[in-house]
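Engineer: the following block contains a protein sequence and its predicted model.
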Amino acid sequence: MPRTRNSRNSVQEVHIAVLGMNRSGKSALTVKYITRRFITEYDPNLEDTYCKHESIHGHEYMVWIMDTVESKGKDPMRYLAWADIYLVVYDITSQLSFQYAENLLKQINQHEHALCVRQHVTSLIGNKNDMERYRQVSRADGQRVADELNADFSEITTTEEYAIVKSLFHKAITNSISRRMRAVDRSPSPRMYSSDSEVVGIPRGKSTFTPPLLKSTSRTGGFRRSKSPKHRETLKHSLPPVAPNAKTKSSPGSKLFKLFQN
Ligand SMILES: Nc1nc2c(ncn2[C@@H]2O[C@H](COP(=O)(O)OP(=O)(O)OP(=O)(O)O)[C@@H](O)[C@H]2O)c(=O)[nH]1
């Protein structure tokens, strides 16, 4: 019997963009989710996309995570035209990072209304809540801005429990998939999601990230197989340049690649 996108054996793709001001903890959050580990320092200049195979409530997902780097001249369409889920991170000890996150949420909302018919899932995340005594942003302010700008809200620390980070990602993925399914039900020919593609051929329960077949209709225009060793729990993929003036990174390797070297 042919497998459909909704069948239990199919693997759906989900694209997550992790956004926020420099030093807010985007890489720490991404790496914690992928590896369960907290690593203190990352190369701040590298914007990488990672892939993780997930099983949530009996469904299989190929989760792509873009750990963004904010800098002038970078085109926000690289994630606006790509992500199903935005995780907007700020540092609770930095009012500036909170304002930055608020602006990002506004930008996402504007994109939704002006350019894009589909609904994304957006989460505002106050990171570093282990640093309570240096707090500059109250929990109430975080919740208020999230409510105003249609985002879920949570506070976390990436230094501690993996379970909290995992459940944050799982909740966003589940919400995103429900919205996708509702959109498919509503329209006979719904607009394709950025991640409207299906990965097939991965036996259930097998923890591998080198899928034998990947069909992608992603607007990022395909993908490259990682040169990382096989059977790792992650793959790093370089995105194609989105802006003609986008700088090519000169820094060698990726954050995770470095991680694996340790
Ligand atoms: N105490 C504490 N420190 C954290 C937490 N998350 C990240 N950090 C630290 O904050 C600093 C910045 O974290 P990164 O993950 O590199 O932040 P980023 O947003 O990716 O920063 P850029 O790469 O510059 O964009 C690092 O020194 C991390 O170790 C946290 O939950 N608690």
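Structural biologist: Good, I have the coordinates.
Engineer: stretch 71-78: which residues count as buried?
Structural biologist: Residues 74, 76, 78 are the ones in stretch 71-78 that count as buried (16 or more other C-beta atoms under 10 Å). (Each C-beta comes from the backbone N, C-alpha and C, glycine too.)
Engineer: same question for stretch 124-134.
Structural biologist: Buried residues in stretch 124-134, defined by neighbour count with 16+ other C-beta under 10 Å: 124-129.
Engineer: and it, how far apart are its ends?
Structural biologist: 20 Å (C-alpha to C-alpha, to the nearest Å).
Engineer: could you do stretch 132-142 as well?
Structural biologist: 14 Å.
Engineer: pull the residues that contact it.
Structural biologist: 90, 92-95, 98, 124, 126, 129, 153, 155 (C-beta atoms under 8 Å, 6 or more residues apart in numbering).
Engineer: which among those count as buried?
Structural biologist: The neighbour count (16+ other C-beta under 10 Å) marks 90, 92-94, 98, 124, 126, 129, 153, 155 as buried among the contacts of stretch 132-142.
Engineer: so which of these are in helices?
Structural biologist: Using DSSP state H, the subset of those located in helices is Phe98.
Engineer: in strands, which of the buried ones among the contacts of stretch 132-142 fall?
Structural biologist: Of these, the ones assigned to strands by DSSP state E are 90, 124, 126, 153, 155.
Engineer: cross-check the contact I'm expecting between the first one and Ile125.
Structural biologist: Yes: counting by C-beta atoms under 8 Å, Tyr90 touches Ile125, with 7.3 Å between them.
Engineer: mind listing what the closest residue to Phe153 other than its chain neighbours touches?
Structural biologist: Leaving aside its chain neighbours, Phe153 sits nearest to Ala146 (3.5 Å; criterion: C-beta to C-beta, 6 or more residues apart in numbering). Going by C-beta under 8 Å, 6+ apart, Ala146 touches 105, 123-124, 152-153.
Engineer: okay then, goodbye and thanks.
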